[in-house]
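[1] coordinates only, sequence not included:
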DNA sequence: AGTTAAACCTGGTTGC
DNA sequence: TGCAACCAGGTTTAAC
């Protein structure tokens, strides 16, 4: 998926254009991860508010329809959202259309791990339940190195798995977790609770740097991701370790290694990243 | 309680 | 060429 940078790039592409748009029609394709929860017709006549992001979720406020509320959206592994003035007929992987006075917002998601769920507000279920497990936002100034270190101290699992869990900080998925650990020179298999306070501070900074750089480059496109205007991301060309097994490490020249952690591939440099 | 595997689904790539 | 096996950006749920 879409990790935090890709979701934020998407949010930035749809927020201003959709603001104040009136919903004319909504269409569902094949089932996504969870049911919408309301009849698509009940979204008609609603007005779109400011699009927000929490972790890898997007929140589209809708007021003045059958009921005030909004749509909580997730792009899963292969999803992307496109906003077009005129959308063509839906293809086999187009599973949600929100037709508005400002264009059609279309979710394309071949694997259908994504979701579009209606909720009365972010504080109400099902949104509240889905967001309840999320840790702090990476760019929240309230997330200090001490907070981050304390969160790592609570877990005995490998630091890579803890990053993916989003418990200490949200937003880093498989690509950016690998990249941040490389930047911080920390071995992915190191137990989270064995990380010193200085190394935790360095890791938090690395997560922030990597996510910020990815944001500037429009995210990563391995196969499916496109921003709201159909543009691919470029971070994958700048990745130091992700997807580069066998290639020489850009820092020391040793071959980048690949290992499996919890069914997910981890890429790292065994020479640069220390336990 | 806390960590790990299985599940959801499609399609592209690799290997026999 | 054909087909099976494996791999892919995530996260919940069930099982040790």
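    Arrived safely, thanks for sending. These numbers were taken from a predicted model, which means no experiment stands behind them.

[2] hey, let's count contacts and neighbours off CA atoms from now on
    Noted.

[3] kindly check the end-to-end length of stretch A:50-66 for me.
    For stretch A:50-66, the separation between the terminal residues is 19 Å (CA to CA, to the nearest Å).

[4] same check on stretch A:134-153?
    The distance separating the two terminal residues of stretch A:134-153, taken as CA to CA, comes to 17 Å.

[5] then stretch A:216-227?
    With CA to CA as the measure, the ends of stretch A:216-227 fall 13 Å from one another.

[6] do that stretch and DNA strand C meet?
    Yes - interface with DNA strand C: stretch A:216-227 contributes A:220-225 (CA under 7 Å from any atom of the strand).

[7] just name the closest of these to residue A:239, please.
    For residue A:239, the closest of the residues of stretch A:216-227 next to DNA strand C turns out to be residue A:220, at 9.2 Å, with distances computed as CA to CA.

[8] below-threshold pLDDT in chain A: ranges please.
    Residues of chain A meeting the criterion pLDDT under 70: A:1.

[9] sorry, back to before: now a ChimeraX select for only the buried ones of the residues of stretch A:216-227 next to DNA strand C.
    Those of the residues of stretch A:216-227 next to DNA strand C that meet the burial criterion (16 or more other CA atoms under 10 Å) are gathered into one ChimeraX selection, given here:
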select /A:220,221,222,224,225
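
[10] as TSV, the residues of stretch A:216-227 next to DNA strand C with distance to residue A:83 and secondary structure would be great.
    Converted to TSV, those look like this (distance: CA to CA, whole Å; DSSP: H, G, I helix; E, B strand; the rest coil):
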residue	distance to residue A:83	secondary structure
A:220	19	coil
A:221	18	coil
A:222	21	coil
A:223	19	coil
A:224	16	coil
A:225	14	coil
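
[11] closest residue of the stretch 1-150 of chain A to DNA strand B?
    Of all residues in the stretch 1-150 of chain A, the one sitting closest to DNA strand B is residue A:111 (3.9 Å; CA to the nearest atom of the strand).
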